[in-house]
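Peer 1: Pasting the sequence and the predicted model now:
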Amino acid sequence: METDTNNNFVPSAKTSIKEINCVKYVEIDLSTEIQKLLDNAADANEERRIMYEYIFKNLRGKYPASDGRIVEINKRSAKEMTFQAPIVRLRAAPELAALIEIGQIIDLVDVSGHNIYERFAYYDVIFKIGNAWYNGRLNVGIRKNGESALYTINPFRQIASHEEEKAGPPIGVSKIQAYDPATRINDPAFSEINGSIPAMADVKSPAITP
């Protein structure tokens, strides 16, 4: 789903959303024009510039999450998604709408001292680039008025090899709700990219509500 020029939700075919063993994941198509532009970029800075412009020009809008929250992709989303971004995050970025759609909420936390958001909602996502599986966390900022916007994908980690492709995500990944958010945020196996998400010591975890 996405919004038209009148801000109404309209259906869109997301062929990137796949399902194995009742678990949805997003498959990143590396044959698209935007991915080819990344392939031909001169360096990491050009990769980030290309993806910032792509998000800003093509993905800004409001998208429904699996828990009913409406998540906006805006200029700040484009900036945070590409700030010091590794190539994996950039590769996944064109499918942000699909990732928002399949994400499973795992935590909702109050934050102190943030200049824009009062709370962050964290959504688990699974995506596949080539033959590599990744598990990541969408960070969605929530303003005082309740409006929500995508902040970034952070952290994320590779979770499977191509040998496990036919069997789907490895054991445990299909049981998203069984993960302990506090444990996972501090899990050294995760790749902390830019330190932009609040540390657990700085947040309180209330009951999860839409």
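Peer 2: Arrived safely.
Peer 1: can we go C-alpha only for contacts and neighbour counts from here?
Peer 2: Noted.
Peer 1: Could I have the CA atoms of the lengthiest strand in the chain written out in PDB?
Peer 2: Criterion DSSP state E: the longest strand present in the chain is strand 148-160. Once non-C-alpha atoms are left out, strand 148-160 reads as follows in PDB (Å, rounded to 0.1, in the frame of the first residue of the first chain):
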ATOM      1  CA  SER A 148       5.400   8.300  12.900                       C
ATOM      2  CA  ALA A 149       8.300   8.400  10.500                       C
ATOM      3  CA  LEU A 150      11.000   5.900   9.400                       C
ATOM      4  CA  TYR A 151      14.400   6.800  10.900                       C
ATOM      5  CA  THR A 152      16.700   4.000   9.700                       C
ATOM      6  CA  ILE A 153      17.500   0.300   9.600                       C
ATOM      7  CA  ASN A 154      19.900  -0.300  12.500                       C
ATOM      8  CA  PRO A 155      21.300  -2.700  13.500                       C
ATOM      9  CA  PHE A 156      21.300  -5.600  11.100                       C
ATOM     10  CA  ARG A 157      23.300  -8.800  10.600                       C
ATOM     11  CA  GLN A 158      23.700 -11.600   8.100                       C
ATOM     12  CA  ILE A 159      21.800 -14.600   9.300                       C
ATOM     13  CA  ALA A 160      22.200 -17.400   6.700                       C
END
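Peer 1: Now that strand: average pLDDT?
Peer 2: Averaging pLDDT along strand 148-160 yields 89.
Peer 1: Buried residues, it. List them.
Peer 2: 148-160 (16 or more other C-alpha atoms under 10 Å).
Peer 1: Which element, helix or strand, includes residue 78?
Peer 2: helix 75-82 (DSSP states H and E).
Peer 1: where does the protein have low pLDDT?
Peer 2: For the chain, the stretches with pLDDT under 70 are 1-14, 160-210.
Peer 1: so where do the strands sit in it?
Peer 2: So, for the chain - with DSSP E - the strands run 2-3, 9-10, 17-20, 23-28, 61-64, 70-73, 104-110, 119-129, 132-142, 148-160.
Peer 1: Which one of those strands lies nearest to residue 84?
Peer 2: Set against residue 84 and scored by C-alpha to C-alpha, those come closest in strand 148-160, at 11.6 Å.
Peer 1: In terms of secondary structure, what does the closest one contact?
Peer 2: Under the contact definition 3 or more C-alpha pairs under 8 Å, 6 or more residues apart in numbering; DSSP states H and E, strand 148-160 sits against strand 70-73, helix 75-82, strand 132-142.
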